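[1] structure of the sequence below:
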Amino acid sequence: MARKRWMIWAGWGASVWCGGGVAAALFFGDSTKPYFLPGQTTHGHHQIELKCSECHTPFGGVKDDACNRCHAAELAAVRDSHPKSKFTDPRNAELLTHLDAARCVTCHREHVPHVTQAMGVTQPPDYCLHCHAEIAEERPSHKGMAFDTCATAGCHNFHDNTALYEDFLAKHLHDAPTRADGVRLLPVSTPSTDAALTATAATVPAGVALDAAVVSDWAASAHAHGGVNCVDCHQGGDAAAAWTPKPDHASCARCHASEAEGFLASRHGMRLAAGLSPMTPAQAVLPMRADAAHREMSCNACHSAHRHDTRRAAVDACLACHDDDHSRAYLSSPHYALWQAELSGAGAPGSGVSCATCHLPGEMHRENGRDVIRVQHNQNANLRPNEKMIRSVCQQCHGLGFAIDALADRPLIDRNFTGQPAAHVESLDLVLRRLTERQQRTTKPQ
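    As a prediction, this is how the structure comes out:
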């Protein structure tokens, strides 16, 4: 007993000394890590809190390299407004004496819930003041604005302003609230080929029983129509390999690499990417349905193992787990009515709005000299912050001003956008005023 107490005491001391529980975690193993967490983990990282090494370097703290492994590509894609290079420029060296913005952990510290705000920011809300104290002189329109309002929804984001920068706002000053021709990007279905397979062509090794219902589902799927047989998923395409009863995401990735990459970067798949067991709704922060608590998040959690019904995956699979206000309100929303109209044939292809329309949108990619639409399977990619949804989703059907106001209206989001925005963000108004003043100065008689 004395030895056990000594080990616990030594482990506690190591965790404190290491500043984050890393040494204790390494000493005791994964199963004890929650007991040595120095504080609650943020919503974005709690799924992988059992894998301290994803972020921490033993005795070296959290390096930017650890952050960049998951976030560098995302920041590059949005042309990060405050990249490290901005602060390593000698002309800006003085700014670092006020706020070391060249390091991720300056603004994003883990395990300090009492000071953690939206987006995992742990700086006081007026942190912009350190560098932008003179903004009212540069922009008279900003005179009188409090310094804790810079990051108000629809105004400025520290990293991603691809839908909020001035030239873009000016281009869309007069957008109508709703586009009459609004449709989402639709992936092109793979047509049947000469390689298309029928139920009688299903091939399995000796000793593996074929289930008639499974074969029927497979025969009606895009896999069979494209010539993908049982061996391609269950044996990796090698008839001599061992039969895998339940292929995992790695099997899917052989043909669906970009989709698998997005899934592993999402909250659905990030535990798998870290080498942990699959995520379950019981581990989620958002409210989830009790009957789905132990459902494991894999490709097959949304796409049934053999039918791969994308319509089911677009709505029913989401609502089978999610039980927050926004999700529950979907079935009575105008978006759902559009989705039902499309499914019934009353609406044009692409005019419906499913859960996947907004959270797993189609994205245009250039591959082998042609445009290809791929579904982004990282359902959090356009929620960090939610203004990222404007260009990839909202503007397919709505004007910019309407979208900014809607995404800034929390009660409207909870109602799944049933009704009109009650919030109003002045971003477009400020740009219009600035352009008007500029025009008046240039046309004023000399």
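[2] strands of this structure, start to end?
    Using DSSP state E, the strands of the chain run over 56-57, 61-62, 362-367, 370-375.
[3] turn those into a markdown table, including mean pLDDT and mean neighbour count.
    All C-beta atoms are positioned from the backbone trio N, CA, C, and that covers glycine. Listed next are the strands of the chain as a markdown table, based on pLDDT from 0 to 100; neighbours: other Cβ atoms under 10 Å:
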| stretch | mean pLDDT | mean neighbour count |
| --- | --- | --- |
| strand 56-57 | 90 | 18 |
| strand 61-62 | 90 | 16 |
| strand 362-367 | 88 | 12 |
| strand 370-375 | 90 | 14 |
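[4] can you list these in JSON lines and add distance to Thr443?
    Formatted as JSON lines, the strands of the chain follow (distance: least, Cβ to Cβ, whole Å):
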{"stretch": "strand 56-57", "distance to Thr443": "60"}
{"stretch": "strand 61-62", "distance to Thr443": "55"}
{"stretch": "strand 362-367", "distance to Thr443": "40"}
{"stretch": "strand 370-375", "distance to Thr443": "43"}
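[5] Tyr127 is nearest to which of the ones you listed?
    strand 61-62 (19.1 Å; Cβ to Cβ).
[6] what residue ranges in this structure score low on pLDDT?
    1-35, 189-194, 446 (pLDDT under 70).
[7] rewinding a little: closest one to Cys355 among the strands of the chain?
    strand 370-375 (12.4 Å).
[8] ok, His377 - contacts?
    Glu259, Ala260, Glu261, Gly262, Phe263, Ser266, Gly269, Leu360 (Cβ atoms under 8 Å, 6 or more residues apart in numbering).
[9] actually Arg295, not the one I typed
    Contacts of Arg295 by Cβ under 8 Å, 6+ apart are Thr280, Pro281, Ala301, Ala320, Cys321.
[10] please apply the same query to Cys321.
    Pro281, Met288, Arg289, Ala292, Arg295.
[11] cool, Arg139 as well?
    For Arg139, counting by Cβ under 8 Å, 6+ apart, the contacting residues are Arg434.
[12] how close does it sit to His82?
    Using Cβ to Cβ, to the nearest Å, we find Arg139 at a distance of 18 Å from His82.
[13] which parts of the stretch 301-446 of the chain are helices?
    310-314, 316-319, 325-329, 334-344, 355-359, 389-392, 400-407, 410-414, 427-443 (DSSP state H, counting those that start in this stretch).
[14] most tightly surrounded among those?
    Comparing the helices of the stretch 301-446 of the chain by mean neighbour count (mean count of other Cβ atoms under 10 Å), helix 400-407 ranks first with a mean of 23.
[15] give me the distance from it to the chain's centre.
    Centroid separation for helix 400-407 versus its chain: 19 Å, with Cα atoms, centre = their mean, to the nearest Å.
[16] quick one: the closest residue to Leu185 other than its chain neighbours and Thr162, what's the gap?
    Ranked by Cβ to Cβ, 6 or more residues apart in numbering and with sequence neighbours excluded, the top spatial neighbour of Leu185 is Gly362, at 3.5 Å. Counting by Cβ to Cβ, the separation of Gly362 from Thr162 is 18 Å.
[17] hmm, who's touching stretch 119-126?
    42-45, 99, 106-110, 112, 115-117, 146-148, 151, 384-385.
[18] next, count neighbours for the nearest residue to Asp238 once chain neighbours are set aside.
    Using Cβ to Cβ, 6+ apart and skipping the chain neighbours, the partner closest in space to Asp238 is Val231 (7.6 Å). Using other Cβ atoms under 10 Å, Val231 has 18 neighbouring residues.
[19] I figured Val231 was touching Ala201, is that so?
    No: using Cβ atoms under 8 Å, Val231 is not in contact with Ala201, being 11.2 Å away.
[20] which residues touch the closest residue to Leu400 other than its chain neighbours?
    Spatial nearest neighbour of Leu400, chain neighbours left out: His172 (3.7 Å); criterion: Cβ to Cβ, 6+ apart. By Cβ under 8 Å, 6+ apart, the residues touching His172 are Gln395, Gly399, Leu400, Gly401, Leu428.
[21] just the CA coordinates for stretch 178-191, please, in CSV.
    Extracted C-alpha coordinates of stretch 178-191, given in CSV (Å, rounded to 0.1, in the frame of the first residue of the first chain):
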residue,chain,number,x,y,z
THR,A,178,-32.4,34.9,-51.5
ARG,A,179,-31.3,33.8,-55.0
ALA,A,180,-34.0,32.5,-57.3
ASP,A,181,-31.6,30.1,-59.0
GLY,A,182,-29.9,28.8,-55.8
VAL,A,183,-28.7,25.2,-55.9
ARG,A,184,-25.9,23.3,-54.2
LEU,A,185,-22.9,21.7,-55.9
LEU,A,186,-23.8,18.2,-56.8
PRO,A,187,-21.2,15.4,-57.2
VAL,A,188,-21.6,13.6,-60.5
SER,A,189,-22.9,10.1,-60.1
THR,A,190,-20.6,7.4,-61.5
PRO,A,191,-22.5,5.8,-64.4
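[22] quick one: buried residues of it?
    Buried positions in stretch 178-191, judged by neighbour count with 16 or more other Cβ atoms under 10 Å: Gly182, Arg184, Leu185.
[23] and which of those residues is nearest Val372?
    Leu185 (10.7 Å).
[24] if I read this right, that closest one contacts Pro361, doesn't it?
    Yes: taking contacts as Cβ under 8 Å, Leu185 lies within contact range of Pro361: 6.9 Å.
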